[in-house]
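In: sequence unavailable; structure follows:
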């Protein structure tokens with residue numbers, strides 16, 4: 001599939017160090033929004049989730065990514081345990097992404113084979129970055145995302161386009177507003193009205 005090949009070309013240039021650095025920034029920004037939530041029942045831009053559901057999704061996505069590094073079936077955290085699980089899950093992913101042996105392990109994804117660290121710096125960061133905005137929007141926090149990560153994630157996701165809109169994936173893309181900045185363009189591409 002052409003879109004997947006283009007995606008592979010975009011992520012093939014990522015080094016494990018670059019991937020880990022992006023993961024640190026993106027997951028740190030998500031974590032700061034987690035720490036700022038006062039009401040976990042707030043509805044999010046993901047119509048089927050409140051803030052706690054969204055956190056459980058992010059935690060469980062991290063656990064699925066972790067499972068690719070060792071081939072074990074992924075664990076799943078109940079939504080009621082997501083808040084306490086987040087710090088350790090983040091630490092586990094980061095530890096694996098910087099481990100010289102695990103970082104370079106080839107893992108299979110729906111979009112092809114790639115080193116584990118690159119999976120963390122690409123697909124996992126894309127999901128976490130967009131959900132950082134979702135959580136911020138839902139809970140009245142700072143919605144600004146790191147400009148470097150916005151540009152990188154948009155570049156990575158564009159070749160996937162309709163392939164990332166499967167059930168359980170991103171919503172249909174929207175037309176960005178006139179004069180939209182790069183963050184608004186990414187959000188519209190991911191089906192969010194900024």
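Out: Looks like it arrived, so ask away. In this text the structure is predicted, and so the values were computed from the model without any measurement.
In: correct me, but residue 57 touches residue 48?
Out: No - the pair residue 57 / residue 48 is not scored as a contact, 9.9 Å apart, by C-beta atoms under 8 Å. Heads up, the C-betas are built off the backbone N, CA and C, glycines and all.
In: wait, what's in contact with the most centrally placed residue in the chain?
Out: When C-alpha atoms, centre = their mean is applied to the chain, the residue found nearest the centroid is residue 127 (2.1 Å). Counting by C-beta atoms under 8 Å, 6 or more residues apart in numbering, residue 127 touches 58, 61.
In: if we can go back for a sec, tell me which of residue 57 and residue 48 has more neighbours.
Out: Taking other C-beta atoms under 10 Å, residue 57 and residue 48 do not tie; residue 57 has more neighbours (20 against 9).
In: assign that one to helix, strand or coil.
Out: Under the three-state scheme (DSSP: H, G, I helix; E, B strand; the rest coil), residue 57 adopts helix.
In: next: residue 107.
Out: Of the three states, residue 107 takes strand under three-state DSSP.
In: tell me who's in contact with it.
Out: Going by C-beta under 8 Å, 6+ apart, residue 107 touches 68-69, 113-116, 119.
In: nearest to residue 23 among those?
Out: Within the contacts of residue 107, proximity to residue 23 (C-beta to C-beta) peaks at residue 119, which comes in at 9.9 Å.
In: the closest one touches residue 65, doesn't it?
Out: Yes - under the criterion of C-beta under 8 Å, residue 119 makes contact with residue 65 at 6.0 Å.
In: re the thing from before, can you list the contacts of residue 107 in CSV and add neighbour count and pLDDT?
Out: As requested, those are exported to CSV (neighbours: other C-beta atoms under 10 Å; pLDDT from 0 to 100):
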residue, neighbour count, pLDDT
68, 19, 89
69, 21, 84
113, 11, 84
114, 24, 87
115, 21, 89
116, 26, 91
119, 27, 92
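In: inside strands: which ones of those residues?
Out: Using DSSP state E, 113-115 are the members of the contacts of residue 107 that sit in strands.
In: wait, a helix at residue 48?
Out: No - counting by three-state DSSP, residue 48 is not part of a helix but coil.
In: any idea how far it lies from residue 134?
Out: Applying C-beta to C-beta, to the nearest Å, the value for residue 48 to residue 134 is 12 Å.
In: same question, residue 20
Out: Following C-beta to C-beta, the distance that separates residue 20 from residue 134 is 24 Å.
In: who's more crowded, those two?
Out: residue 134 (24 against 20).
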